[in-house]
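> here is a sequence together with a model predicted from it:
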Amino acid sequence: MKSVVRKRMVGNIPLLEVVEEDKIYEPLPLIIYYHGWQTAKELVLTQGRKLAAKHFRVLLPDAANHGERKTKTSEIPSLTFWDSIQTNLYEFSFLVDYFENLGLVMGKIGVGGISMGGITTCMLLTQHPEIDVAACVMGSPAPIKYRERICGHARELGFYLPEDYRYLTSWLEKYDLSLTPEKVADRPLFFWHGTEDEKVPYAHTADFIKDNPQLPLTFISAPERHFVQIATMDRIAEFFADNLAKVEGK
C-alpha cells in the first residue's frame, strides 16, 4: 500500500506525518522518529516510509534550531545541541497528546532516532513509561559521558566554555539512561552503532549493552562510521513490526 507524506504544523513544530494512504484516518500505533544534529526531518523520511509500510503512523519532527526551525548555532560548544534535545523532550508529550485528541492513536507508542535523535530516544525512556518500544541508532544512552567528551574536545581546541557548564547542564543527570537502566524495564530497545563512529562513541552503547544483560536489548554493530545504511533501516522497521505491533493490553 502506498504511503502518503503530509506536512503539518503542530503548535510551532513542523513535522512530516507518514502513513499508509488507506489508514490516514484510522487509529494506529504511533512512532515519533527524531533526526540527527544539523540535519532535518527530511533526512529520516526514508526510515519514516519504511515504518509506515509496517502499518504505523510515523511523525518526523524538526528539532529546535533545525530544518524549518533553523537558527544560527551558538559559538559555545554544545549549547545549541543540548537546547535542541531538551526541546525534543519538552515537545514529546505535546505531540502524542495532539494526535491522541484527534483519535489517531491506538495507545501503542514507539520512539526512535539517529545520532542526536538516538540520544533523545534514550532520554525519553527515563521519564516516559508509556513508551512501549524504542530504537537508538548511532546515539548514546550516556549523555553525561558525551558531555564530558564535548568538554575535552572544547579544551583541546581552545573553545570557550563557561565555568559552570556542568551546573548549566545538570538536568542531564535525570535523563541519563546509563545511570538508571532499570527504567528500560521490559520494553524492547534496539541499538545500532558503527564501531568506527567518529562522532558519537561506539563504547557508550557497547558498555551499556555489556553492563545490562538482564534487559530486553537488541544490539547490532558493524565496522562502519557515522552513517545509516538502507539495510539498517529495514532492520529497524522489522524491529518495530515485531515488537510494537504485538504490544498486548493496549
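Looks like it came in fine.
> C-terminal to the host helix or strand of A135, what's the next element?
A135 belongs to strand 133-137 when assigned by DSSP states H and E. Counting by DSSP H and E, the element after strand 133-137 in chain order, helix or strand, is helix 143-157.
> which residues sit against the helix or strand that that following helix is followed by?
Sequence order places helix 165-168 as the next helix or strand after helix 143-157, per DSSP H and E. With contact meaning Cβ atoms under 8 Å, 6 or more residues apart in numbering, helix 165-168 is reached by R147, C151, P162. Glycine gets a C-beta too; all of them are placed from N, C-alpha and C.
> now restrict the residues you listed to buried residues only.
Neighbour-count burial (16 or more other Cβ atoms under 10 Å) applied to the contacts of helix 165-168 gives R147, C151.
> check which residues of stretch 17-34 are buried.
Quick answer for stretch 17-34 (16+ other Cβ under 10 Å): 17-20, 23, 27-34.
> helix, strand, or coil at G107?
Three-state call for G107 (DSSP: H, G, I helix; E, B strand; the rest coil): strand.
> quick one: terminal-to-terminal distance for stretch 167-187?
End-to-end distance of stretch 167-187: 31 Å, with Cα to Cα, to the nearest Å as the criterion.
> would you indicate which residues of that stretch are buried?
Within stretch 167-187, the residues scored as buried using 16+ other Cβ under 10 Å are T169, L172, Y175, D176, L177, S178, P181, V184, R187.
> got those as JSON lines, with distance to L45 columns?
Below are those laid out as JSON lines (distance: Cβ to Cβ, whole Å):
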{"residue": "T169", "distance to L45": "31"}
{"residue": "L172", "distance to L45": "29"}
{"residue": "Y175", "distance to L45": "27"}
{"residue": "D176", "distance to L45": "30"}
{"residue": "L177", "distance to L45": "27"}
{"residue": "S178", "distance to L45": "30"}
{"residue": "P181", "distance to L45": "32"}
{"residue": "V184", "distance to L45": "28"}
{"residue": "R187", "distance to L45": "26"}
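> hmm, who's touching stretch 208-218?
With Cβ under 8 Å, 6+ apart as the test, stretch 208-218 has contacts from 141-142, 177-178, 181, 184, 186-191, 219, 239.
> over to that stretch now: how far is its first residue from its last?
End-to-end for stretch 208-218, by Cα to Cα: 12 Å.
> what of stretch 31-48?
Stretch 31-48 has an end-to-end distance of 9 Å (Cα to Cα).
> now do the worst-scoring helix or strand of the chain on mean pLDDT: which elements does it pack against?
Here the helix or strand of the chain ranked lowest by mean pLDDT, DSSP states H and E is helix 143-157, holding a mean of 87. Secondary-structure packing of helix 143-157 (3 or more Cβ pairs under 8 Å, 6 or more residues apart in numbering; DSSP states H and E): helix 79-101, helix 116-125.
> so which bits of it are buried?
Buried residues in helix 143-157, counted by 16+ other Cβ under 10 Å: P143, I144, K145, Y146, R147, R149, I150, C151, A154.
> rebuild those residues as CSV, extending it with distance to A231.
Shown next, in CSV, are the buried residues of helix 143-157 (distance: Cβ to Cβ, whole Å):
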residue, distance to A231
P143, 28
I144, 32
K145, 28
Y146, 26
R147, 32
R149, 28
I150, 31
C151, 35
A154, 35
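> ok, of those residues, which one's closest to A245?
Lowest distance from A245 to the buried residues of helix 143-157 (Cβ to Cβ) belongs to P143, with 29.7 Å.
> what's the spacing between R6 and E20?
Separation of R6 from E20 (Cβ to Cβ, to the nearest Å): 12 Å.
> A185 too?
30 Å.
> quick one on the thing from earlier: pull the residues that contact the least confident helix or strand of the chain.
Around helix 143-157, the neighbours that count as contacts under Cβ under 8 Å, 6+ apart are 77-78, 81-82, 85, 119, 122-123, 140, 160-161, 165-166, 169, 172-173, 175-176, 178-179, 200-201, 204.
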